[in-house]
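Peer 1: Quick one, what's the 3D model for this:
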Amino acid sequence: MKELKISYARERSKDELEKALNPLVLEWFKTRFPGFSLPQLYGVMPIYERRNILISAPTGGTKTLTAFLSILNYLVSLSEKNELEDKIYAVYVSPLKALSGDIYVNLQKPLEEIFELARKKGIDLKEIRVGLRTGDTESKERQKHLKNPPHIYVTTPESLAITLNSLRFCEKLKAVEFIIEDEIHAMANKRGVHLSLTIERLQEISKIYPVRIGLSATVAPIEEIARFLAGDSEECLIADVNFSKKTDIEVITPSDLIESSALEMHKGMYEKIDQLVQEHKTTIIFTNTRSATERVIHHLKEMFPGKYLGEIGAHHSSLSKDARFDIEQRLREGKLKVVVSSTSLELGIDIGYVDLVILLGSPKSTARALQRIGRAGHKLHDTAKGRFVVMDRDDLIECSVMQKEMIERKIDRVQIPKNCLDVLSQHIFGMAIDKIWQADKMLALIKRSYCYRNLTREDFLDIVSYLAGEYALEHRNVYAKIWYDEKTGEIGKRGKLARVIYMTNIGTIPDESFINVVLGSVNGERIGKIDEGFLERMKRGDVFVLGGQRYEFLFTRGMTAYVKSSVMRPPTIPSWFSEMLPLSFDLALEIGRFRRLVEEKLKAGKSPEEILESSRLQSHQKSEEKKISEIREFIKNYCYVKEDVAREIYDYIKQQFDYLEVPTDKKIVIERYKGEKMHYLFHSMFGRRVNDALSRAVGFLVGHN
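Peer 2: Model (predicted):
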């Protein structure tokens, strides 16, 4: 693999950019924007010069326009000269279907404005087409792309991988000149590994070496992401535009977390949410699950009758495309006062003005919290205002430490998986479907991906052998999917249904068993989907909520549940499988460190025996009061929290300290208690990465004793 040269982009002058831009594009830009943003001064010229670049800037930092400005400029210039060909020039790939839709709209509008400007000037421009393909794109729209290929192709990682194995459309990708990978910070996972191999295969198809452009929110370590983007390129620039966007963050507890009853806490939380919503023009509430999204909307409507009528909406991945687009459009038009969502990645970027984000509970990572809060004040110079509403003392510590990390601009380090053999097997199968390969050439292409640069030939051939059925696993319904000739070193597909099997099992997003929900008759409106397990517990006449609306279950037919609306009976909140967010490793370590610092301050006084012996002494009482005050002040200053939050945190850690031990970044506490069975509880401050491995190790030991 080539040695990648990484260097940092320098800021270019306004005059340099203006000279590079086509007069039509420049005039359009000046009518729309007051001037070039900082990311544009760093990023536009390198793309114009055909250099790979990673552009990192906070949410709302104009990264997307920075990436597209040089490409639009190039296409408009070709169009003006009548040199625009019927081929795909640029591929834009985003992990978010909603974001891809936004880009589609936000590219069409500038093009329309530029073409209108050209018409007024008497300049004849050939049409520049933008095409969108995601899982929501209808087949008739895909057919249009075959007849008139888009010049800019907007898609998702999975749809792009499918496209590479589409015989006819693949031809349109043989001269791609630009590849934009958006939200690349969100791809430091197996989905990103899959995309990295897709990009290498796309480069193999293209007759020229496409310019790679990565767009990322603030991320660390940034050079690791640059290597991930660049693959086996010789050079990659980094535009690390870390201007300080103003933030207004606060951790809130609606009531006393110990003394309040569950009913009081429930009521207090919704009263606090209502107060915050009414104090602001538009609010987004982020939960961590789809069930919580539905629950919040239901309770707000129930507790404040008529107040949220027509002004609140749900947005999550189990709602239909039309329902999600309707919410985004109404939010964009200012018709909604509050939207409740289970993830910021489902919402598009062009959602109008939002002045407050409420986070219900911990989002489990500093980067995720920044991304969610960045939805408020999304424009370049706006203030991002966010409030953590916390109902649990462990969450209180977690969110307070997270707030400290956000204020101090510390973010979680990404960990890009390497040599994922399950992802590799998918791509080997896909490549074998495409054509007959020489094993050495296939391995060379795979190793161009940063994620597989250290893949051994032995591991590669083991996967080839597995896919070729050499392990006799037919009794487990694992059949050969490719053939491999050891003498010639050739690899090819096996079976007439190979393409169908590949297309229907692509990607790394976990499969979920969903039931479509349709309103009324067989030809009724599709509302969304519910989990198969939830449906199994329902009977005719049961009422549930979906998208904040109540529906009565009528009957099922196949994988479809039919319902009717306008129901006034109390509903059940649906549940969906596989929704847990993992606590990031770096944040887990910081939480453990904070607990250790507080524990050390608690230990700094006398021993418990000495305290007990002298507890009646007035001097001791004053000394203890001073010590408590100092520790609370430390918590307040360390985490940038208010007095009431500092008091709650102190009381919690003090109770742990008095009762047993405080788990920290250097200490795991194992608690044992006996009920009907013996229970062991591991208090581990390391997040899921460590806890998953620890649980398997302990389970193995227990199972063998």
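
Peer 1: From now on I want contacts and neighbour counts done on CA atoms only, so please keep to that.
Peer 2: OK.

Peer 1: how about the helices of the stretch 51-200 of the chain, start to end?
Peer 2: Assigned by DSSP state H, counting those that start in this stretch, the stretch 51-200 of the chain shows helices spanning 63-80, 97-120, 139-147, 157-164, 190-205.

Peer 1: Quick one, which of the ones you listed gets closest to residue 521.
Peer 2: Closest of the helices of the stretch 51-200 of the chain to residue 521 is helix 139-147, at 24.0 Å (criterion: CA to CA).

Peer 1: How about that closest one, which residues are buried there?
Peer 2: Neighbour counts using 16 or more other CA atoms under 10 Å place 142, 145 of helix 139-147 among the buried residues.

Peer 1: Off-centre distance for that helix?
Peer 2: For helix 139-147, the separation from the chain centroid amounts to 29 Å (computed by CA atoms, centre = their mean, to the nearest Å).

Peer 1: How about stretch 651-671?
Peer 2: The answer for stretch 651-671 is 33 Å, by CA atoms, centre = their mean.

Peer 1: Averaged pLDDT, it. What do you get?
Peer 2: Averaged over stretch 651-671, pLDDT sits at 92.

Peer 1: One more: stretch 91-104?
Peer 2: 73.

Peer 1: what do you get for stretch 251-261?
Peer 2: 87.

Peer 1: domain parsing for this protein?
Peer 2: As given by automatic domain parsing, the domain ranges for the chain are 5-240, 247-407, 422-503, 514-564, 669-703.

Peer 1: angle of the helix or strand harbouring residue 425 against helix 190-205?
Peer 2: Secondary structure assignment for residue 425, by DSSP states H and E: helix 421-434. Computed with axes from the mean of the first three to the mean of the last three CA atoms, to 10 degrees, the direction of helix 421-434 lies at 30 degrees from that of helix 190-205.

Peer 1: Show me what counts as buried in helix 421-434.
Peer 2: Quick answer for helix 421-434 (16+ other CA under 10 Å): 423-434.

Peer 1: and residue 317, how many neighbours?
Peer 2: 17 (other CA atoms under 10 Å).

Peer 1: Could you report the distance from it to residue 687?
Peer 2: As judged by CA to CA, to the nearest Å, residue 317 and residue 687 stand 26 Å apart.

Peer 1: now do residue 17
Peer 2: For residue 17, the distance to residue 687 - CA to CA - is 46 Å.

Peer 1: and if you look at residue 187?
Peer 2: 20 Å.

Peer 1: Who has more neighbours out of the two?
Peer 2: residue 187 (24 against 17).

Peer 1: Could you pick out the longest strand of the chain?
Peer 2: Longest strand of the chain, by residue count under DSSP state E: strand 549-557.

Peer 1: Could you pull out the buried residues of that strand?
Peer 2: So strand 549-557, judged by 16+ other CA under 10 Å, has buried residues 549-554, 556.

Peer 1: Which member of those residues is positioned nearest residue 457?
Peer 2: residue 556 (50.6 Å).

Peer 1: before we move on, the earlier item: now, among the buried residues of helix 421-434, which is nearest to residue 397?
Peer 2: residue 423 (37.0 Å).

Peer 1: tell me the contacts of the closest one?
Peer 2: When contacts are counted by CA atoms under 8 Å, 6 or more residues apart in numbering, residue 423 touches 190, 193-194, 507-508.

Peer 1: Give me the below-cutoff pLDDT ranges for the stretch 451-600 of the chain.
Peer 2: When residues are selected by pLDDT under 70, those of the stretch 451-600 of the chain lie in 511-513, 522, 577-580.

Peer 1: how about the strands in it?
Peer 2: Remark: strands assigned in the stretch 451-600 of the chain by DSSP state E, counting those that start in this stretch are 482-485, 490-493, 514-519, 525-531, 543-546, 549-557, 560-564.

Peer 1: What lies in contact with the fifth one?
Peer 2: Which is strand 543-546. By CA under 8 Å, 6+ apart, the list of residues contacting strand 543-546 from outside reads 294, 298, 319, 527-528, 550-553, 567, 569-574.

Peer 1: CA-only coordinates of it in PDB, if you can.
Peer 2: The C-alpha trace of strand 543-546 is given here as PDB (Å, rounded to 0.1, in the frame of the first residue of the first chain):
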ATOM      1  CA  VAL A 543     -55.100   0.600  20.800                       C
ATOM      2  CA  PHE A 544     -51.500   1.800  20.300                       C
ATOM      3  CA  VAL A 545     -49.700   5.000  19.300                       C
ATOM      4  CA  LEU A 546     -47.600   5.500  16.200                       C
END
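
Peer 1: so can I have a markdown table of the strands of the stretch 451-600 of the chain showing distance to residue 199?
Peer 2: Supplementary listing: the strands of the stretch 451-600 of the chain in a markdown table, determined by distance: least, CA to CA, whole Å:
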| stretch | distance to residue 199 |
| --- | --- |
| strand 482-485 | 22 |
| strand 490-493 | 21 |
| strand 514-519 | 30 |
| strand 525-531 | 32 |
| strand 543-546 | 37 |
| strand 549-557 | 41 |
| strand 560-564 | 36 |
